[in-house]
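>>> from the sequence below, what's the structure:
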Amino acid sequence: AYERFLDNQVKSREYKDIKAYLEDAREKIGALYVYTIMVDNPKVSKAMITGFSRDHKGDFPIGGVCTVPPKQVRQAYQGKSFITGILDDPEYGDYLTVGVPIKNKEGSIIGFLGIDVSAENINSINGKVLRSSIAILVYNGGFVIMLLVTFFVVQKWYQKELTREVGDTEDTYQSEFQSLIASVRSLRHDFSNHIQVIHGLLKLKENDKALDYLTGLSKEVHSLESMKLDVSHPGLSVLLETKKLSAQNYNIDIEIDVSPNSFNRVKTIDLIKLLSNVIDNAIEATVELPENERRMNIACIADEEKYTFRITNTGPMIAPFDQENIFISGFSTKKPQKGKVRGQGLFIVKDLVNRYDGEILVQSNEKETSVLMMIPVNGRPI
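Residues are numbered from 1 along each chain as shown. Sure thing, here's the model as predicted:
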C-alpha cells in the first residue's frame, strides 16, 4: 500500500488507511507524532504521511521538510536507523526523533518510520518520576518494537500469500494458454490439409468436387464465427470460448448456457479453476465415444440465492465406488500417463467449493455424467 502511495503522492485511499494506522500507533505508544519519511538526499528529509492527535488542527503537507538534523539525515541516507538528541522546535516543542527503515518485499528501503517522543517533562522531573518514566519508556519502547516486529511479520506473511496467489494464477492461465495454443495448432493443421485437398482436386480439374469441398468448409467457418459467447464476465467468457474451441476440435457437440451475471461472488482465478478442471475432465471422457455420440452441456446459472454450475457430458459411466472417492487427492479413474500428475483436479475443485461454503455433486449413469456445483451468493467471504 505504501509503495502505491509513493507512486501517486496524493491523499488517496492508501494515504488515508496508512494515516489512520499511524494515528492509532501514536495514541497507543504515547508519542507526539508517528510518520513516514522520505530520504532521497543526504541533507534534507521529507514527511510523507503524518499521524497526529485527534485534537490537532490542520495537517502536515505531503513532502513537507522534516526537522531531522543533517547528521541523522545522512545516517538515514546510508540506510541506517537513527535517533536524535532533544530537539528544540518553536512550533512543535521539545522532542527527540527515532527513525527505522521501511523495506519492500525485495528488501529495498522505500522510506523510514519516524517517531517523535516528547521531552516536555524530562528536565523537570525528580528521581522517583524519572525511574517511573524510564519504566514507562521501556514499556513504550518494547511496545514500539513489538509493533514494528508485528508490522514486518504481517508484511512477510502478506508477501508470502501474494506470491502463492500469483503462482497459482500463473499456473492456471499458463494451462489455459497451452490449451488454446493446442487448439490453434490443430486448426492450422486442418487448414493445411484442406488446402492440399483443394489443390489436388483443382490439378485434377475436378472443379465441381472442389466447389463442394469449399462449400462444406464454408459451413464449418460460419460455425466457428458463431463461437463468440455473450458472457458479461471477461475471464469466464475467455475460458468458455477456449473450451468450446477445444471441444469442437474433437468434434464434440457442445452447448453453453450462461446467465447475464458478473459472478463476482467468486474470484476470477477460482472460477476458472472450478470450471476448467471439470470441463477438461468432461472433454477427456467424451472423446472416448464415437464422434456421433459426443455431446457436452455447460450451464452457469445465477439467481438471488446461489450460483449453479453444471457440466454434463456423454461418456463412460463412473462407478459408485469411484464417485465416493473421486474427490480424494491422488485418486483418479483415468489411466496413468508418464509425466502427467493425476487425481488433483477434482480435489482442487472440491476444496474451492468448500471454501465458498458450497456443495458439489457427481451423478453418472450409462448415458451421461453430470457434475453440479452450487455456491451460495451470501456465503463465507473469501
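>>> can you give me the helices for this structure?
2-7, 13-29, 70-77, 127-203, 207-225, 234-249, 268-286, 320-325, 345-355 (DSSP state H).
>>> just how off-centre is the second one within its chain?
Read it as helix 13-29. 26 Å (Cα atoms, centre = their mean, to the nearest Å).
>>> wait, Val144 sits on Gly114?
No. Using Cβ atoms under 8 Å, Val144 makes no contact with Gly114, being 11.7 Å away. Just so you know, the C-beta spots here come from the backbone N, C-alpha and C atoms, and that holds for glycine as well.
>>> hey, what's in contact with both of these two?
Val98 (Cβ atoms under 8 Å, 6 or more residues apart in numbering).
>>> these two: which has the busier surroundings?
Gly114 (26 against 21; other Cβ atoms under 10 Å).
>>> per-residue pLDDT of that one, please?
At Gly114, the pLDDT value in this model is 92.
>>> how about the one 10 residues further on?
According to the predicted model, the pLDDT of Ser124 comes to 47.
>>> swap in Leu361?
Model confidence at Leu361 (pLDDT) stands at 91.
>>> list the contacts for the closest residue to it other than its chain neighbours?
Closest residue to Leu361 apart from its sequence neighbours, by Cβ to Cβ, 6 or more residues apart in numbering: Leu372 at 4.6 Å. Counting by Cβ under 8 Å, 6+ apart, Leu372 makes contact with Thr308, Phe309, Arg310, Ile360, Leu361, Val362, Gln363.
>>> got the helices of the chain as a markdown table, with mean pLDDT and distance to Glu255 columns?
As requested, those are exported to a markdown table (pLDDT from 0 to 100; distance: least, Cβ to Cβ, whole Å):
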| stretch | mean pLDDT | distance to Glu255 |
| --- | --- | --- |
| helix 2-7 | 87 | 44 |
| helix 13-29 | 89 | 44 |
| helix 70-77 | 93 | 65 |
| helix 127-203 | 68 | 18 |
| helix 207-225 | 71 | 13 |
| helix 234-249 | 84 | 10 |
| helix 268-286 | 89 | 12 |
| helix 320-325 | 80 | 24 |
| helix 345-355 | 86 | 21 |
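>>> between the ones you listed, which gets nearest to Val98?
Closest to Val98 of the helices of the chain is helix 127-203 (Cβ to Cβ; 7.9 Å).
>>> related to what we said a few turns ago, tell me which of the contacts of Leu372 fall in strands.
If you go by DSSP state E, the contacts of Leu372 have Thr308, Phe309, Arg310, Ile360, Leu361, Val362, Gln363 in strands.
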